[in-house]
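*Asks:* heads up, no residue letters with this:
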């Protein structure tokens with residue numbers, strides 16, 4: 001007795017595979033674009049964990065928003081603030097103006113900072129033209145040691 005096995009129902013179908021692969025790649029690209037579109041801030045110097053000598057340079061970066069000076073209320077714009085040993089400011093709250101909240105309202109992207117020796121948490125906070133915080137999502141904290 002001879003048996004016959006038919007594989008036609010489970011056969012590899014190149015066109016179906018290509019369509020599935022294409023759909024998956026489109027979803028991946030869309031997810032990456034959505035993630036890249038999220039605004040963020042970062043330090044380009046110093047790096048987290050750095051040991052620095054005072055005075056030292058701090059360099060700020062922002063993506064997904066534009067830097068504009070104090071008073072410019074164009075949507076999706078603002079300027080940097082450096083917070084020393086304090087965390088992010090709540091979204092919509094005014095960023096205090098004191099020795100631990102440094103304002104760069106002219107649109108500066110770098111500053112020379114003088115601190116006594118010790119360990120510090122530096123938080124970059126992006127705020128709008130009225131010094132209102134964009135919140136924790138638009139902040140970045142690093143830890144440094146000043147020798």
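*Replies:* Perfect, thanks for sending it. From a predicted model like this one, the values you see are computed outputs, not experimental measurements.

*Asks:* gap between residue 125 and residue 86?
*Replies:* 9 Å (C-beta to C-beta, to the nearest Å). Every C-beta, even on glycine, is put in place using the N, C-alpha and C of the backbone.

*Asks:* Neighbour count for these two, which is higher?
*Replies:* residue 125 (26 against 15; other C-beta atoms under 10 Å).

*Asks:* which one is residue 120 nearest to, not counting chain neighbours?
*Replies:* residue 144 (5.4 Å; C-beta to C-beta, 6 or more residues apart in numbering).

*Asks:* Then residue 99?
*Replies:* residue 84 (7.7 Å).

*Asks:* right, and the one you found touches residue 118 too?
*Replies:* No: counting by C-beta atoms under 8 Å, residue 118 is not a contact partner of residue 84; they are 10.6 Å apart.

*Asks:* Who has more neighbours out of those two?
*Replies:* Between residue 84 and residue 118, counting by other C-beta under 10 Å, residue 84 is the more crowded of the two (15 against 11).

*Asks:* Roughly how far does that one sit from residue 146?
*Replies:* With C-beta to C-beta as the criterion, residue 84 and residue 146 are 11 Å apart.
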